[in-house]
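Asker: got a sequence here, can you model it:
(one chain, ligands or ions: 2)
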Amino acid sequence: MSIAFYNTLTRTIDEFKPLNDGEVRMYCCGPTVYDYFHIGNARSFVMSDVIRRYFEFRGYRVRYVMNITDIDDKIIRRANEQGVPSSEIANTYAEAFLQDSTRFGIRPADLYPRATETIDDIISHIEGLIEKGAAYVVDGDVFFRVSSFPEYGKLSRKKVEDLEMGARVETDARKEHPVDFALWKSAKPGEPSWDSPWGKGRPGWHIECSVMSQKHLGETFDIHAGGNDLIFPHHENEIAQSEALTGHPFARYWIHFGFLNIDNEKMSKSLGNFFTAREIVEKYPAEVIRFYYLQTHYRSPLNFTQEGLEAARTGLQKLQGVYDALAEATKGDAGFDVHTFEQRFTAAMDDDFNTPAGFGVLFEMVREANAILHGPTGMDAPSRERLRDFLHRSCVQVFGVIREESAVEASDEIVDGLMQLLIDIRTEARKEKQWALSDHIRDGLKEIGIALEDTRDGTKWKITSE
Ligand code: AMP
Ligand code: ZN
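Answerer: Numbering: from 1, shown residues only. Ligands and ions are numbered 1, 2, ... in the order given. As a prediction, this is how the structure comes out:
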């Protein structure tokens, strides 16, 4: 069995055959760093992270690159609003992106190339395109000549004639053709710029990704991923710019993630339903959010709701619970067939990374395992070990939805309840003059930083140190 998944380029489920045996070269479009990233971006980043990890689960070595777009109109606008250099905005939010990715349990990419560190390569790429007749210069701007690339539209399945109709309205009169797009933008006052053979300027967004992906993964690489808003024009243009220069296929498989909406509406600041990843991860453990995302297939839209997140929290406790119970169980006789479940899990995931079906298998397994673990016979040690190992590889390593250590955190309610219980036992002990026991409780609590105070209204407790 091998992995097969939906390839936007062919519009079919294609069997994955890597360029180099046992290796996956994968690029995912990263953030434009002008603000904190939101829970929609987070969905794309988490899904890409899980696909990368699933390839590893299946024995591949993965080279995973994610760019950081650190020069762009939005960054420049934000910098001008705040009266700071655009590099300051970019650095602040690039740093925040890396921190928030870690909070989301997203494994760091092998490389995070930045557009501003790739300017020389971008310039040489554009020079190559001009030499080949695939690009032209007008007053310090460079445009890609779409008519030089007959396959234009093959990813998005758009026809140049149709695009032309739409583009004509706001077209730049200096372009040969309305669909041509900018590779290099000449410097405007107040904008950061770099020297180039065409004068001072900065690269267009699409060319950055073409150059950064090829620089680090080769002219032809395996997988290019991103949110489905990027199919056109971003990814279409990436293909044109890359293949027009090299004459070779660019990315072989294209993966696109469905969008996240909130309460069935598009998330937007003006509608007041906009959440940063940072806000959500303060309220919910990353594992719960990841599990919530993964319950929907990566290509489907995801309707984000608070209730959905709460339900994910409850569901996840079952997985975490059995994982913790396995670490604690010490005896038992009954065997448990983990292997069959692992095969079914793998079949589900091999079929277009079907995470909801994968979880379906895991939950069925956990239900059966629980019945044995907590039943009269208990589960034998080899089965317990195999089960824990499989849960570790699937739920810790691939999905990042359960934690190594117990995730059970004592809520305030539980702590209050436990403290009241101890206080009642101590009061009881004192009534019966069992001084040793009552002292034991008081001293023991003192040692962990909790002081008891006997007042007229009963015994109170307080935390004296963290
Ligand atoms: P950006 O910083 O806007 O370039 O977006 C970074 C990544 O997040 C890209 O792959 C986008 O396609 C993706 N993305 C943006 N908005 C959403 C959304 N609402 N749901 C899912 N993915 C998104
Ligand atoms: Zn990109």
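
Asker: for F341, the count of nearby residues, please.
Answerer: Neighbour count of F341, defined by other CB atoms under 10 Å: 20. C-beta coordinates here come from the backbone N, C-alpha and C atoms, glycine included.

Asker: which other helices and strands does the helix or strand encompassing it contact?
Answerer: F341 belongs to helix 338-350 when assigned by DSSP states H and E. Applying 3 or more CB pairs under 8 Å, 6 or more residues apart in numbering; DSSP states H and E, we find helix 338-350 packed against helix 355-373, helix 381-391.

Asker: got the contact list for that helix?
Answerer: By CB atoms under 8 Å, 6 or more residues apart in numbering, the surrounding residues in contact with helix 338-350 are 1-4, 54, 57-58, 354-355, 357-358, 360-362, 364-365, 383, 386-387, 390, 394.

Asker: can you check stretch 178-198 too?
Answerer: Residues outside stretch 178-198 that contact it (CB under 8 Å, 6+ apart): 71, 76, 80, 85-87, 119, 123, 126-127, 129, 135, 137, 139-146, 152, 160, 163-164, 167-168, 171, 199-204, 206-207, 233, 237, 241.

Asker: then the helix holding F341 to CSV, C-alphas only?
Answerer: What follows is helix 338-350, C-alpha atoms only, in CSV (Å, rounded to 0.1, in the frame of the first residue of the first chain):
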residue,chain,number,x,y,z
VAL,A,338,-3.1,-3.6,18.0
HIS,A,339,-1.8,-4.6,14.6
THR,A,340,-5.1,-4.8,12.8
PHE,A,341,-6.1,-1.4,14.1
GLU,A,342,-2.8,0.0,13.0
GLN,A,343,-3.4,-1.4,9.5
ARG,A,344,-6.8,0.1,9.3
PHE,A,345,-5.5,3.4,10.6
THR,A,346,-2.8,3.5,8.0
ALA,A,347,-5.3,2.5,5.2
ALA,A,348,-7.5,5.5,6.2
MET,A,349,-4.6,7.9,6.3
ASP,A,350,-3.1,6.7,3.1
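
Asker: tilt between that helix and helix 355-373?
Answerer: 170 degrees (axes from the mean of the first three to the mean of the last three CA atoms, to 10 degrees).

Asker: one step back: can you select the buried ones among the contacts of helix 338-350 for me in ChimeraX?
Answerer: Typed into ChimeraX, the line below selects the buried ones among the contacts of helix 338-350, using 16 or more other CB atoms under 10 Å:
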select :3,4,54,57,58,354,355,357,358,361,362,365,383,386,387,390,394
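
Asker: on that earlier part again, quick check: which of the helices and strands packed on helix 338-350 is nearest to A327?
Answerer: Relative to A327, the nearest member of the helices and strands packed on helix 338-350 by CB to CB is helix 381-391, separated by 6.8 Å.

Asker: against which helices or strands is the lowest-mean-pLDDT helix or strand in the chain packed?
Answerer: Least confident helix or strand, the chain: helix 160-167 with a mean of 81, by mean pLDDT, DSSP states H and E. If contacts are counted by 3+ CB pairs under 8 Å, 6+ apart, helix 160-167 sits against no helix or strand.

Asker: ok, residues contacting the helix or strand containing Q99?
Answerer: Per DSSP H and E: Q99 is located in helix 86-103. Applying CB under 8 Å, 6+ apart, the contact partners of helix 86-103 are 30-31, 33-37, 42, 45, 68, 70-71, 75-76, 78-79, 82, 108, 112, 114, 116, 191-192, 276-278, 281, 286.

Asker: again, 7 Å this time
Answerer: The contact list for helix 86-103 (CB atoms under 7 Å, 6 or more residues apart in numbering) reads 31, 33-37, 45, 68, 70-71, 75-76, 78-79, 192, 277-278, 281, 286.

Asker: is ligand 1 contacted by that helix?
Answerer: No - on the criterion CB under 6 Å from any ligand atom, helix 86-103 is out of touch with ligand 1, staying 9.0 Å away.

Asker: buried ones in that helix?
Answerer: S86, I89, A90, T92, Y93, A94, A96, F97, L98, D100, S101, R103.

Asker: can you pick out the most distant pair from those?
Answerer: Farthest apart among those by CB to CB are S86 and R103. That separation is 25.5 Å.

Asker: low-confidence ranges, the stretch 151-300 of the chain, go.
Answerer: Applying pLDDT under 70 to the stretch 151-300 of the chain flags the ranges 167-170.

Asker: and it, which of its residues are near ligand 1?
Answerer: So the stretch 151-300 of the chain meets ligand 1 at G226, G227, D229, L230, F257, F259, L260, M267 (CB under 6 Å from any ligand atom).

Asker: hey, what's the fifth one bridged with?
Answerer: Right, F257. G227 (DSSP bridges).

Asker: isn't I39 right up against E279?
Answerer: No - using CB atoms under 7 Å, I39 is not in contact with E279; the gap is 8.3 Å.

Asker: circling back: out of the helices and strands packed on helix 338-350, which is closest to N20?
Answerer: Using CB to CB, the nearest of the helices and strands packed on helix 338-350 to N20 is helix 355-373, at 26.6 Å.

Asker: so which residues make contact with the closest one?
Answerer: Counting by CB under 7 Å, 6+ apart, 50, 294-297, 318-319, 322, 325, 329, 334, 336, 341, 344-345, 348-349, 379, 387, 394-395 sit against helix 355-373.

Asker: before I go, just wanted to say thanks for your time.
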